[in-house]
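Engineer: sequence and predicted structure are below.
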Amino acid sequence: MEENLKSQASEVREALSSRISKILGNSSEMGVLKDGQVVTKLLHKARMRISVHLQICLATLDHTTFTDTSISEYEIDRAALTIAHAIVNPINVDWDVDRYADRVNLSQPNRDGSATSEPERLKKYFPEAVLGKISTPATLVDRHGRILMVYLPNILSPSRLDYINNATSSLRDSLLDTLPPISDQKKSWRDDGFVLPEGGGEFGAGRITVSPAYFMQRQERLIDPLVTSESYNSKKVQQWLGALTTSELLWNSITAAVAPDLFESGSSAFSKVVKEVQRRKKNSAPVDSWPSIFSGLEIIANRTTFSHRDPGGSPSLFDLLTIPLVQWSTSPVGYWSTLWVLGLMEKELWLPIL
């Protein structure tokens, strides 16, 4: 990343962190801890106070003229309030995440969309969490308080969403090119489940994996070679990455705030990737311009994804799942300016049927 972008990224992270600390400090005069334990009553008061300010913020328009090269004070305030609310709104599941990770087996989905036997097997050891509809920022934690997932609805401003969607619509034809022929009977389940809107829609349908350097599946040893995704050298993809550079800085800052260990791991790992890629003489991928702390991005448009578990992830790290649409009536949660932080070391950008 260029020096001026590094400086801007540092300023955004510092501003967001400072704002979150201030919001949390003002939310409860007594704090929310007593003798090292969270006091539910105090936590509820803090949550209600932050919720009031968050709702006012969401109802307020950003009067700053939007530019694709900067992040406004309004965007920082909106993100900080959303994250602060998630921090004081923990939702508990009554099992140990380490034991769960040890029990989970890799599983491929049934092509007809029916449930596999794996969830039923896990229910014998871990009671199924009945969470209901979650419509406010929240943090899911296990019985020991370890984070399973952070849910951040409406964290991105409408102006930011419009810009991201407009930029991503330029990849429509590229996404459509990834769809396998209908006559292909041997296609993998990973190439199945796409729903092409009538007329092709705004985004088309398909999946593009973008990475300047990654290990191919089943080749994840240190002696295995790093591979650049074919799409990364695409002119359209490079233009898309360039257009989203500032948005990536915001996503990186949000990750640093809610999952600091992940941010540090991603930053450290990718700095090593850059050195390895630059060491190659024949590589043409411009790794210096890669804007994310995640080593890979997946753009997925109009797909029903089957329930499955992938190999190779670290249970202590997370995915960043971004759904950049203001609202969609058939959404299971009702909000689409959303960040889910969960799973593995990869970022996914999902685009709905449009």
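Structural biologist: In hand now; what should we look at? Residues are numbered from 1 along each chain as shown.

Engineer: for the nearest residue to Thr64 once chain neighbours are set aside, give me the pLDDT.
Structural biologist: Once flanking residues are discounted, Thr64 sits nearest to Ser72: 4.2 Å by C-beta to C-beta, 6 or more residues apart in numbering. C-betas here are computed from N, CA, C, even on glycine. Listed pLDDT for Ser72 reads 94.

Engineer: same thing with Trp240?
Structural biologist: 93.

Engineer: how many neighbours does Ile71 have?
Structural biologist: Burial of Ile71 is recorded as 23 neighbouring residues (other C-beta atoms under 10 Å).

Engineer: gap between Ile299 and Lys235?
Structural biologist: Distance from Ile299 to Lys235, counting by C-beta to C-beta, to the nearest Å: 16 Å.

Engineer: comparing the two, which residue is more hemmed in?
Structural biologist: The residue with more neighbours, out of Ile299 and Lys235, is Ile299; 24 against 7, by other C-beta under 10 Å.

Engineer: tell me what the helix or strand hosting that one is packed against?
Structural biologist: Taking DSSP states H and E as the criterion, Ile299 maps to strand 297-301. With contacts taken as 3 or more C-beta pairs under 8 Å, 6 or more residues apart in numbering; DSSP states H and E, strand 297-301 sits against strand 206-210, strand 347-351.

Engineer: report the mean confidence score over the helix or strand following it.
Structural biologist: Once strand 297-301 ends, the next helix or strand along the chain (criterion: DSSP H and E) is strand 319-324. Per-residue pLDDT over strand 319-324 has a mean of 76.

Engineer: confirm that Ile91 sits in a strand.
Structural biologist: Yes. Per DSSP: H, G, I helix; E, B strand; the rest coil, Ile91 lies within a strand segment.

Engineer: what residues are up against it?
Structural biologist: Leu131, Ile134, Ala138, Thr139, Leu140, Val141 (C-beta atoms under 8 Å, 6 or more residues apart in numbering).

Engineer: try Gln238
Structural biologist: Tyr232, Pro286, Ser289.

Engineer: rerun at 10 Å
Structural biologist: Val210, Ser231, Tyr232, Ala285, Pro286, Ser289 (C-beta atoms under 10 Å, 6 or more residues apart in numbering).

Engineer: what segments of this structure are strands?
Structural biologist: 33-34, 37-38, 90-92, 138-141, 147-152, 206-210, 297-301, 319-324, 337-342, 347-351 (DSSP state E).

Engineer: what's the least confident stretch among the ones you listed?
Structural biologist: Mean pLDDT, when computed for each of the strands of the chain, is lowest for strand 337-342, at a mean of 44.

Engineer: about what we covered before: just give the number of residues close to the residue nearest to Thr64.
Structural biologist: The burial count for Ser72: 17, using other C-beta under 10 Å.

Engineer: and the average pLDDT for the biggest helix by length in the chain is what?
Structural biologist: When the chain is parsed with DSSP state H, its longest helix is helix 3-27. For helix 3-27, mean pLDDT rounds to 89.

Engineer: distance of Gly25 from Arg19?
Structural biologist: 11 Å.

Engineer: pull up the overlap in contacts between the two.
Structural biologist: Residues touching both Gly25 and Arg19 (C-beta under 10 Å, 6+ apart) are Ala84.

Engineer: so those two - more neighbours on which side?
Structural biologist: Legend: neighbour count by other C-beta under 10 Å for Gly25 and Arg19, higher for Arg19 (20 against 11).

Engineer: low-confidence ranges in the protein?
Structural biologist: Along the chain, segments meeting pLDDT under 70 span 1-2, 29-41, 105-116, 182-190, 215-223, 280-285, 305-316, 325-354.

Engineer: which parts of it are helices?
Structural biologist: Using DSSP H, helices in the chain cover 3-27, 40-59, 73-87, 97-103, 117-123, 158-168, 172-176, 235-243, 245-258, 260-279.

Engineer: make TSV out of those and add distance to Ile293.
Structural biologist: Output for the helices of the chain, formatted as TSV (distance: least, C-beta to C-beta, whole Å):
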stretch	distance to Ile293
helix 3-27	9
helix 40-59	26
helix 73-87	16
helix 97-103	23
helix 117-123	31
helix 158-168	18
helix 172-176	24
helix 235-243	14
helix 245-258	5
helix 260-279	4
